[in-house]
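*Asks:* Predicted model, plus sequence, below.
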Amino acid sequence: MTPAGVLSVALLLTAPGESPRLPKGTELTYTGTVTEAVDRPGQRYRRAHDLEVRVLVLDRQATWADAAVLTLLRRTDEPADPGRPPSPPAARLDLVRLPDDGPPHLIAPPGPAPLRLAADLPARRFPPVPLDSFAPFEFGMIPDPAAPWEPAGFAFVAAERCRELRLVRQSADWDRPRGGETAWRRAETVWASARDGTARRVERTVCQRDGIGPAPAVLIETRYELKDQARVLGRTFDRYRREVELAYATAEEVAPLVRDAAKLPAKTFDARLVRLASYLDETDPGTPYREAVLAVRRQLEAARRGETVPVGTAYPAGPTGSGADPRP
């Protein structure tokens, strides 16, 4: 689940010199799957997830656009239990700046909501793709112009003529892995519309070998396509943006507290839970970004019980796991 791209700009793959402009309110919805297979002594499992990624352009300035990226992962291989409702999706919300003439990056506007999307916001590079588990984020449809992508001709995706672009990165010992050492390979392909440049399909395969045999010890496959491209306007856009900003600002505010949940009294989280409950009770639940708000509430509820849980808007400061790619 992470950065992809070529040629000139973020989110769109275009010819050199072009500067596509995503207007405020543009929403792209991608759907697909993530599968994991691990086959190591003492660690063997398979997992399957449905993946949904939404990209909503919150603001448009002269030379950049700011967008929210919501990643939702739902386990699809859990055994059914009539006595329990389905597990909620894992949700992560990121804010991304998409310059017309430079690399995309994460931004961190200070809270509380409503957020101020200013030119001087702190910027962070996208986190690297974990090579030993799926990532809780997905930026595969957002191009990184510095990556050495190779054109592979044209293909049709959902009746749309698309440019096909490929990127393969691997460790030096991938072809001849040595026992006791992990070799890795990451292959990505992006299909971008030849008409408007939007990324229509993304595929990524991450493999690890342990030098014990030719079969991968870890295999993670991510596949998704553009399901819908729309323009959200008026009150609907206002509702979407308000939900995004509340989820993001609250998660950023409580991140230090959630990380230290085991050391803090339960009352530390009470007032914030009351505020979220009031918002959820008084507002229309019909926006696709409500899951981000619910995810923050689940984090706070777990923290109140003294449990340490992942923070939805936090991202790894460095490699994730023993097999993470150390490069951006």
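*Replies:* Everything's here; your move. The structure presented is a predicted model; accordingly, all values stated were derived computationally and were not measured.
*Asks:* out of everything not next to it in sequence, what's closest to residue 216?
*Replies:* By the measure of CB to CB, 6 or more residues apart in numbering, the closest residue to residue 216 outside its immediate chain neighbours is residue 207, 4.4 Å from it. In this view, the C-beta of every residue, glycine as well, is placed from N, C-alpha and C.
*Asks:* for the helix or strand harbouring that neighbour, packing partners?
*Replies:* Using DSSP states H and E, residue 207 maps to strand 199-209. Here strand 199-209 touches strand 160-170, strand 183-193, strand 218-231, going by 3 or more CB pairs under 8 Å, 6 or more residues apart in numbering; DSSP states H and E.
*Asks:* repeat that for 10 Å
*Replies:* strand 26-40, strand 150-157, strand 160-170, strand 183-193, strand 218-231 (3 or more CB pairs under 10 Å, 6 or more residues apart in numbering; DSSP states H and E).
*Asks:* tell me the mean pLDDT for that strand?
*Replies:* On average, the pLDDT along strand 199-209 is 95.
*Asks:* Same question for stretch 216-226.
*Replies:* pLDDT averaged over stretch 216-226 gives 95.
*Asks:* Determine the number of other residues adjacent to the residue nearest to residue 216.
*Replies:* 19 (other CB atoms under 10 Å).
*Asks:* I'd like the distance between residue 86 and residue 138.
*Replies:* Distance, residue 86 to residue 138, using CB to CB, to the nearest Å: 21 Å.
*Asks:* Among those two, which residue is more densely surrounded?
*Replies:* residue 138 (31 against 11).
*Asks:* Look up how far residue 73 lies from that one.
*Replies:* In terms of CB to CB, residue 138 sits 9 Å off from residue 73.
*Asks:* any common contacting residues for these two?
*Replies:* 1, 34, 51-53, 92 (CB atoms under 10 Å, 6 or more residues apart in numbering).
*Asks:* Lowest pLDDT pick from these?
*Replies:* residue 1 (34).
*Asks:* okay, and for the stretch 51-200 of the chain, where does confidence drop off?
*Replies:* Along the stretch 51-200 of the chain, the parts satisfying pLDDT under 70 run over 143.
*Asks:* Try it again at 80.
*Replies:* Across the stretch 51-200 of the chain, the ranges flagged by pLDDT under 80 are 78-86, 143-146, 179-180, 196-197.
*Asks:* mind listing the helices for it?
*Replies:* Using DSSP state H, counting those that start in this stretch, no helices are found in the stretch 51-200 of the chain.
*Asks:* And the strands in it, which stretches?
*Replies:* Secondary structure of the stretch 51-200 of the chain (DSSP state E, counting those that start in this stretch): strands at 64-75, 90-99, 105-107, 123-124, 150-157, 160-170, 183-193, 199-209.
*Asks:* And the ones you listed: which comes nearest residue 231?
*Replies:* strand 64-75 (13.4 Å; CB to CB).
*Asks:* Can you tell me which helices and strands that closest one packs against?
*Replies:* Using 3+ CB pairs under 10 Å, 6+ apart: strand 64-75 touches strand 26-40, strand 43-60, strand 90-99, strand 105-107, helix 234-259, helix 290-304.
*Asks:* now do 8 Å
*Replies:* Partner elements for strand 64-75 (3+ CB pairs under 8 Å, 6+ apart): strand 43-60, strand 90-99, helix 234-259, helix 290-304.
*Asks:* how far is it from where the chain is centred?
*Replies:* Here strand 64-75 is found 6 Å from its chain centre; the criterion is CA atoms, centre = their mean, to the nearest Å.
*Asks:* so who does residue 231 touch?
*Replies:* Residue 231 makes contact with 23, 25-27 under the criterion CB atoms under 8 Å, 6 or more residues apart in numbering.
*Asks:* coming back round to it: would you turn the strands of the stretch 51-200 of the chain into a markdown table with distance to residue 43?
*Replies:* What follows is these, written out as a markdown table (distance: least, CB to CB, whole Å):
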| stretch | distance to residue 43 |
| --- | --- |
| strand 64-75 | 18 |
| strand 90-99 | 21 |
| strand 105-107 | 31 |
| strand 123-124 | 32 |
| strand 150-157 | 34 |
| strand 160-170 | 22 |
| strand 183-193 | 16 |
| strand 199-209 | 12 |
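*Asks:* mind checking which of those strands is nearest residue 133?
*Replies:* Of all the strands of the stretch 51-200 of the chain, strand 199-209 comes closest under CB to CB, at 9.4 Å.
*Asks:* The closest one to strand 183-193, inter-axis angle?
*Replies:* Interaxial angle, strand 199-209 versus strand 183-193 (axes from the mean of the first three to the mean of the last three CA atoms, to 10 degrees): 170 degrees.
*Asks:* List the strands paired with strand 199-209, with their directions.
*Replies:* With DSSP bridges as the test, strand 199-209 is paired with strand 183-193 (antiparallel), strand 218-231 (antiparallel).
*Asks:* Would you tell me which one of those is buried the most?
*Replies:* Mean neighbour count, computed with mean count of other CB atoms under 10 Å, is highest for strand 183-193 among the strands paired with strand 199-209, reaching a mean of 21.
*Asks:* Distance from that strand to the middle of the chain?
*Replies:* The answer for strand 183-193 is 16 Å, by CA atoms, centre = their mean.
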